Each structure stands twice: as C-alpha cells, then as structure tokens.
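[1] Curious how this folds, go ahead:
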Amino acid sequence: MTDAKKMAKQMIDFYKTTFDNSFSAMMMLQEQMERMSTMFWGQMTNLPDESKKALLEWTKNYKKGCEEFKKMMDDSFKKLETYFAEGEKPEKAKAV
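    Predicted coordinates:
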C-alpha cells in the first residue's frame, strides 16, 4: 500500500470514529431534551392534546431523520473503506 493510500485510510478511520462519537453525543443530548420536554408537556394542563400529539410526532420524525442520516453516513464510510481496500490488493502481473 502506498503511503498516500495508507494516510487516506487512516484519515477515513479517524473521520468515522469522530463522526460516530459526535453523533452518539448528539443523540444522548437529544434524548435528554426529549425526556425533559415530554415531562414538561405532560405537566401543562392548558396544552391541547392535538398540540401534544403534534410535538410527539415532530420528535418521532426527528429521530427517524437522525437514524436515516446515520445509516447514510455508515454506508458512505463503508464504500470508502471498500474503495481503499481494493487498492490494497496486489496487481496481477501483466502479460507482455
């Protein structure tokens, strides 16, 4: 493997680890805010049920969007890893 490809693979591994850690931290914060918001909405007696349902639906859609984004990023990182893994295979000797 050439040094450039090795460096690129290391960079991709670093970016993937950084993304995974950042995404995980973001999701923990979002889940905490969701718990606090749900508790707050539950205590609001003057908030109509339709509004509560809309807020819960919004939260559900946000989570779904985050999951889809994470899946897309994971797929993209796999494609990059596959691309650089193919570069590691020794080339066959060409017949003259």
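[2] How confident was the prediction at the one residue sitting closest to the centre of the chain?
    Central residue of the chain (Cα atoms, centre = their mean): Lys70, 2.5 Å from the mean position. Looking at Lys70, its pLDDT stands at 97.
[3] Tell me the secondary structure of it, please.
    helix (DSSP: H, G, I helix; E, B strand; the rest coil).
[4] Run through the residues that contact it.
    Phe23 (Cβ atoms under 8 Å, 6 or more residues apart in numbering). Every C-beta, even on glycine, is put in place using the N, C-alpha and C of the backbone.
[5] Under a three-state scheme, what state does Glu31 occupy?
    Under three-state DSSP, Glu31 comes out as helix.
[6] Give the burial count for it, as a bare number.
    For Glu31, the neighbour count with other Cβ atoms under 10 Å is 11.
[7] where do the helices sit along the protein?
    3-43, 49-88 (DSSP state H).
[8] coming back round to it: next, find the distance separating the residue nearest to the centre of the chain from Met28.
    Here the criterion is Cβ to Cβ, to the nearest Å. By it, Lys70 lies 14 Å from Met28.
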